[in-house]
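Engineer: structure here, sequence nowhere to be found:
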């Protein structure tokens, strides 16, 4: 008999008092900022950057540029396997939910779920499985069925009653563009998302998200230095309001300026043909402290953690469930 997977959602405010829990991936953008001696200053400066970016994009009926403030929630998703002890809930993914406070009207506007995307299984796929597969190979390649289990688990969650009970719309994930690809500016322009870019072939991340049921489009919002990759399942331009999209842009553009300043805090904007590079030297640093080398090292540790606590002990159950749930 096939096992059933059920999900539980926990929510915590991402604010100046936030401290990562023991089950949080410490390489996650928000957790990384909330550690060390500068944690409170880091968080305060980050939220200030997000609000300033939001008000710059939502400039109509906003003469002083202070009408809106963004409140963020960290959404932690745990998965239970039917028949297993409820004490063995597995931390699956973490995403961010934006909420927008309109100071002029007092209205609280629900934003988009998704934004940042944090996944233990993805750590395993990219930092353990993919590295081991390519250890002695002359040419880089992905293993058979790479990303399929993760994609099925994600789709199972998004299609679940648990997700639908908590969120009105499908998620949108916003990430950096790939430094291995070249992006070309198009004539298409959206008032909030900005100028659309396209590329000739998908990156490994694009392919990975495709298995999660998500398409990708690349837009460079007004006054951004580089395009962002938006992953979504419906109609990015039609399903979400301008304020909802601005919530995602202001949050993720801020994170990218902190984590990839070479690309997103560059002193000159992307041109008609653009290949991102982390070796680019003409950029500015934010006032926010961040250790990128630690983040890369910990991704491998977290991949090993999920291998030992999830992939290996539940291998037979996962194989059977995956076989019964085609992509």
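Structural biologist: Received it, and whenever you're ready, just let me know what you need. What you are looking at is a predicted structure, and each value in this text was computed from that prediction instead of being measured. Numbering: from 1, shown residues only.

Engineer: flag the helix or strand of the protein with the lowest per-element mean pLDDT.
Structural biologist: Here the helix or strand of the chain ranked lowest by mean pLDDT, DSSP states H and E is helix 29-33, holding a mean of 62.

Engineer: show me how far the helix or strand just after it is from its chain's centre.
Structural biologist: Following helix 29-33 in sequence order, the next helix or strand is helix 39-57 (DSSP states H and E). Relative to its chain's centre, helix 39-57 lies at 18 Å (CA atoms, centre = their mean, to the nearest Å).

Engineer: what is the mean pLDDT for helix 39-57?
Structural biologist: Averaged across helix 39-57, the pLDDT comes to 92.

Engineer: equivalent analysis for stretch 309-317, please.
Structural biologist: Stretch 309-317 shows a mean pLDDT of 88 in the predicted model.

Engineer: what does stretch 72-80 give?
Structural biologist: The model assigns stretch 72-80 a mean pLDDT of 91.

Engineer: name the surrounding residues that touch stretch 207-218.
Structural biologist: With contacts defined as CB atoms under 8 Å, 6 or more residues apart in numbering, stretch 207-218 is touched by 122, 125, 142, 146-148, 150-151, 154-155, 158, 173, 177, 183, 196-199, 202, 206, 227-233, 236, 327. C-beta coordinates here come from the backbone N, C-alpha and C atoms, glycine included.

Engineer: now intersect the residues you listed with the helices, please.
Structural biologist: Here DSSP state H is the test, and these give 122, 148, 150-151, 154-155, 158, 206 as lying in helices.

Engineer: let me see the ranges of the strands in the stretch 51-200 of the chain.
Structural biologist: For the stretch 51-200 of the chain, applying DSSP state E, counting those that start in this stretch gives strands covering 68-81, 90-102, 108-119, 172-176, 183-190, 194-198.

Engineer: go on, the stretch 201-327 of the chain?
Structural biologist: Using DSSP E, counting those that start in this stretch, strands in the stretch 201-327 of the chain cover 215-220, 228-232, 273-274.
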